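> Fold the following.
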Amino acid sequence: MDRVECMRAFIETVRSNGFAAAARSLDLPRSTVSKQVQALEEAIGVQLLVRTTRSLHLTEAGAEYFESARDLLAALDEAEQRARDGVGELRGVLRVNAPMSFGLRKLGPLIPRFHELHPQIELQLVLSDQQVDPVRGGFDVTIRIASLTDSSMVARTIAPAPRFLVASPAYLELAGMPESPEDLANHAFLGYGYLQSGVSLSLSRGQETRRVQVTGPLHANNGDFLAQAAEAGMGIALLPSFIVDEALAAGRLMAVLCGWQAPPISINAVYPTARRLPQKTRAFIDFLVEAMSRASEQMPC
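A predicted model of the protein is given here:
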């Protein structure tokens, strides 16, 4: 038994959530992948997967083994890459997960430039507004736009992500311009996520902080969708500048309560804890930091 190949089969089976999908990814017969995983379980004497007719589930031991095996193979791949560094370019598959709006608006223009720099790296980009587990999902880099607290992952800040309260001129003409954070309680608020009971919004001005409960007719998990709703006059939204800067410049949206700021968030590259970050991963993160540090965010007020 080739233990390394069996480990690769196991890891890909977990990532793909099935033997058939793993077999397609590895370009192997399904029966071979199944036998490799079974051989791995027999070799270590532990059941790693619970198999049913429709799905696979990791056992507790399997979940722990998955993370260790993934780190081990990543280290092996990195050692091979370092050995090749003197004779060739960075190469291999780089799996990246990012929010939909950020991927379309920011990564879309940047990915071709990264490819020009590293043509031997195959990028597999998954855009999703659902927060995923980078390790379980098999991602080398996950882009998160938030204030991070997860200590089990390593994060590097790419750039700040200032957020602004915005609404359409038509909405503000009808509903009036808010003069204080408390006024937002009487406005239609377009919320990010699915908090149907309302959102507690915190805003600061210097040392002063106020919190107000806001409600509204729409909750969605995509910033571009909320921006379109705001442009259509449905209400006020709190959105990152990279989503609304064009609409603000064109006058389709207006900034609200300019002197007040929401808690700061940033664009972060998140990756699994490891002693040595693979060079292809480091190259991608370095590229994003450099590219986005040049971009100037338009301040609406």
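
> Flag the shaky bits of the stretch 201-301 of the chain, pLDDT-wise.
The stretch 201-301 of the chain contains residues with pLDDT under 70 at 273-276, 295-301.

> where exactly do the helices run in it?
For the stretch 201-301 of the chain, the helices defined by DSSP state H, counting those that start in this stretch occupy 223-231, 241-250, 279-294.

> and the angle for the last one with helix 241-250?
Here the directions of helix 279-294 and helix 241-250 differ by 30 degrees (axes from the mean of the first three to the mean of the last three CA atoms, to 10 degrees).

> For helix 279-294, C-alpha coordinates in CSV please.
Only the C-alpha atoms of helix 279-294 are listed here, as CSV (Å, rounded to 0.1, in the frame of the first residue of the first chain):
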residue,chain,number,x,y,z
GLN,A,279,5.0,29.4,-1.2
LYS,A,280,2.1,29.4,-3.7
THR,A,281,-0.2,30.5,-0.8
ARG,A,282,2.2,33.1,0.3
ALA,A,283,2.6,34.4,-3.2
PHE,A,284,-1.1,34.8,-3.7
ILE,A,285,-1.6,36.6,-0.4
ASP,A,286,1.4,38.9,-1.0
PHE,A,287,0.0,39.7,-4.4
LEU,A,288,-3.4,40.7,-2.9
VAL,A,289,-1.8,42.8,-0.2
GLU,A,290,0.3,44.7,-2.8
ALA,A,291,-2.5,45.1,-5.3
MET,A,292,-5.1,46.3,-2.9
SER,A,293,-2.8,48.6,-1.0
ARG,A,294,-2.6,50.6,-4.2
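
> now that helix, how far from the centre of its chain.
The chain centroid and the centroid of helix 279-294 are separated by 15 Å, computed with CA atoms, centre = their mean, to the nearest Å.

> How about the first one?
Between the centre of helix 223-231 and the centre of its chain there are 20 Å (CA atoms, centre = their mean).

> Just the CA trace of stretch 106-117, in CSV.
What follows is stretch 106-117, C-alpha atoms only, in CSV (Å, rounded to 0.1, in the frame of the first residue of the first chain):
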residue,chain,number,x,y,z
LYS,A,106,-12.1,42.7,-6.7
LEU,A,107,-10.7,39.3,-7.5
GLY,A,108,-12.2,39.2,-11.0
PRO,A,109,-9.8,41.9,-12.3
LEU,A,110,-6.9,40.7,-10.2
ILE,A,111,-6.8,37.0,-11.0
PRO,A,112,-5.6,37.4,-14.6
ARG,A,113,-2.7,39.6,-13.3
PHE,A,114,-1.8,36.9,-10.8
HIS,A,115,-1.9,34.3,-13.6
GLU,A,116,0.5,36.3,-15.7
LEU,A,117,3.0,36.3,-12.7
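
> Begin at 53, not 1, for the rest of this chat.
Happy to do that; since the first residue is 53 now, the last one works out to stretch 158-169.

> mean confidence for that stretch?
Mean per-residue pLDDT for stretch 158-169: 94.

> outside of it, which residues touch it?
With contacts defined as CB atoms under 8 Å, 6 or more residues apart in numbering, stretch 158-169 is touched by 148, 150, 173, 175, 177, 195, 294, 335-336, 339-340, 343-344. In this view, the C-beta of every residue, glycine as well, is placed from N, C-alpha and C.
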